[in-house]
Every structure is written in C-alpha cells, then in structure tokens.
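A.B. asks: This is a predicted model, with the sequence first.
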Amino acid sequence: MLKNVGGGIWRFFFNPLPTLFDICASIGVLGILCIPKELYGFYFCFYSMFLLIIGMSVQNERNICFKELTILSIIALTGLFIHAFEYWSWSLAYQYLNFYLMFEGFGYVFFGCMLVSSLITKSLNIRWMYITLPIAVIPYINQSMYCGRGSIVFSISIATVIYFMLKQKKWIAFSVASLSLCALLFNLPWFAMKFECRIPVWEQLIGDILQHPFIGQGFNHLLAPDNMMISTSMDTWIFKHNDYLNIMQCLGVVVMFPILFFIKRLISVTRRSWRIIPVLSIVIVSFFQMTMFQANNALIVLCLISLMYVESERSLVCRK
C-alpha cells in the first residue's frame, strides 16, 4: 500500500517529466520570500520576463490565444500615452518623471498578462506549485493573522457554497453557509469595524471614476502609490480595498470588459472540478481587498489561477 502511495505521488509530480520551464516557474515563486518587500514589484516583473525568455526555448503545450489579455494590455498602453504627458507643463524633467511613473503602471499590467499567458501555454507539468505556492503564501497568512483579515476566509466560504451548489450537493452547501453565517454573527462587531473604512473609500473611488469614466485618471498620475489613496472622510492614507474599482479609476470603465471575459473563461474551464473554489475565491476577495495591486500577492494569485487552469484543462482532455 505504501508503495502504491509513493508511486502515486511520484507519478503526480513527475509524469509527465517537468521541463526546464516548469522547474523555473515552480521554484521561482519562492524567490519572493528572499527579497525585501520594497523590491516585490521588481521581482514580479523580472520573474515574468525570465519565464517569457525561458519559454522561447520550449514549444507550446496548448494552442490557446488570450484576446482578453491582449485587449487589457492595449488599454493599459493607450492609457500610458493619454495620461503620461501634461502639455501645460514645460518642464522636461517633470514630463519624464510622470512618463516613468505611468510606464511603471503599464508594465505591471503587461507583465501580469504575459505571466499568465506564458504559464498556461508553455507549461507541461507545474504541479510542484502545489508545494511552492503554499510556502510562498506563508508571509501573507502571518500578516493576515496579525492584522485580522476575514475577507479571504469568507470568500473561500462563498466559493465553496457555489461549488457545492453547482455539484447539486445542496445540504453540504447549506452546512458551509450556516457555519460561515454563525462565524460572521459571532464576530459581527469586529467585522463591522474592519468594514467601516471600505464604504467611504468605495464612494470616493466611484466619484473619481465618474469624473473620467472612459479614460480613467492614469497610473500614478498624482505621484501617489497606486494601491493607496488619501481618504477625504478620514483625512489619512488608506488602501483602496477593491481591485476592480482601483483599475477602473486608473484606466476607465472599459477596462472591465476584458477582465470580465477572462474571469468567464477561467470559470468555464474550472467549473467542473474543485479548482473553481480558489478561482472564485480570488474573484470575490478582490471586491473587498487589495490583491492584484500588491506585487507579492499578484504573483501568487496569477500563478495559482494558471495552475488551476492548466490542471482543469488537462482533466478535461483526459475525460475525452
């Protein structure tokens, strides 16, 4: 029996034999643990570039085109040229600085899209990520326990309920929903305190979006961190706590179309298995938390959804 278990584990991780690209992709996520947090953004971009370069030496394992990611990158590129120059400023140094900061935002979107595209099209066996990703997420778990974050817990609960509803296992779904509701009611004052800052922040973000609904306000247009803002109601810097509103503030409402189509594709591929739970959890938690605009979290999230996509697609092929 132990021999069968050992053989099953061996086949799981080494059948098919991982390529150089798979090894670099799986082990590379651990590099985020070895650098200071100030360099997370650099590591995110260079990790994406490194995989893109390694991917040139291997053949495509899946002939998939991601038009949604192409459109998303084009919108980000267009926003770069719309917002980068302030024509009323005659200072070349100021224009260069503003363009530099705008390009940083565009690069972040572009390399994120390239990372997902490379992982899904080039990877043969990246199951080692089942080990490396949980290790890479340990600092986030420690921080969440220290700060007391409940968004991810309830996002996983909601995703689990949806999964069991899709599987027609309504009693299990009802049990998970009941336990989650009891936990919420038991800790309601604490959750209300944590949620209190989000409403005014979202109202302010929506107000900014309505000012420039089609082109947005640009990346770092005010030379401020893209994942934070000055709250007018609380008169302090605060995280924006919503990835979707944040990117609409940067690039306009139109940017949500390719994002929604990409989410639809992810769900359509993963909906037949348990892998839809982490995908839906990420989609849901992005409504309440800063996820994609923090480089260390974005790296883990994009690798995770790519792993879920690849594994789900492989399962669909095996069934056929």
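C.D. replies: Perfect, thanks for sending it. Numbers count the residues shown, from 1 in each chain.

A.B. asks: Residue 307: which element?
C.D. replies: Using DSSP states H and E, residue 307 falls within helix 295-319.

A.B. asks: if we look at that helix, which residues are touching it?
C.D. replies: Helix 295-319 has contacts (C-beta atoms under 8 Å, 6 or more residues apart in numbering) with 25, 29, 32, 37, 40-41, 43-44, 47, 62, 108, 112, 115-116, 119-120, 123, 126-127, 129-130, 133, 136-137, 139-140, 266, 269-270, 272-273, 275-276, 278-279, 282, 290-292. Placement of C-beta: from N, CA and C, glycine included.

A.B. asks: mind listing what's buried in it?
C.D. replies: For helix 295-319, a neighbour-count test (16 or more other C-beta atoms under 10 Å) marks 295-314 as buried.

A.B. asks: Then stretch 134-141?
C.D. replies: Residues of stretch 134-141 classed as buried: 136, 137, 140 (neighbour count, 16+ other C-beta under 10 Å).

A.B. asks: okay, who's weakest in those by pLDDT?
C.D. replies: pLDDT across those is lowest for residue 140, at 80.

A.B. asks: Give me the distance between residue 187 and residue 256.
C.D. replies: Separation of residue 187 from residue 256 (C-beta to C-beta, to the nearest Å): 32 Å.

A.B. asks: Check residue 136 too.
C.D. replies: 28 Å.

A.B. asks: just for this structure, where's the confidence low?
C.D. replies: Residue ranges of the chain with pLDDT under 70: 1-7, 84-103, 145-148, 220-237, 316-320.

A.B. asks: Strands along that one, start to end?
C.D. replies: Here the chain has its strands, by DSSP state E, at 228-231, 236-239.

A.B. asks: circling back: report the distance from the helix holding residue 307 to the chain centre.
C.D. replies: 12 Å (C-alpha atoms, centre = their mean, to the nearest Å).

A.B. asks: what's the answer for stretch 66-80, then?
C.D. replies: Centre to centre, stretch against its chain (C-alpha atoms, centre = their mean), the figure for stretch 66-80 is 16 Å.
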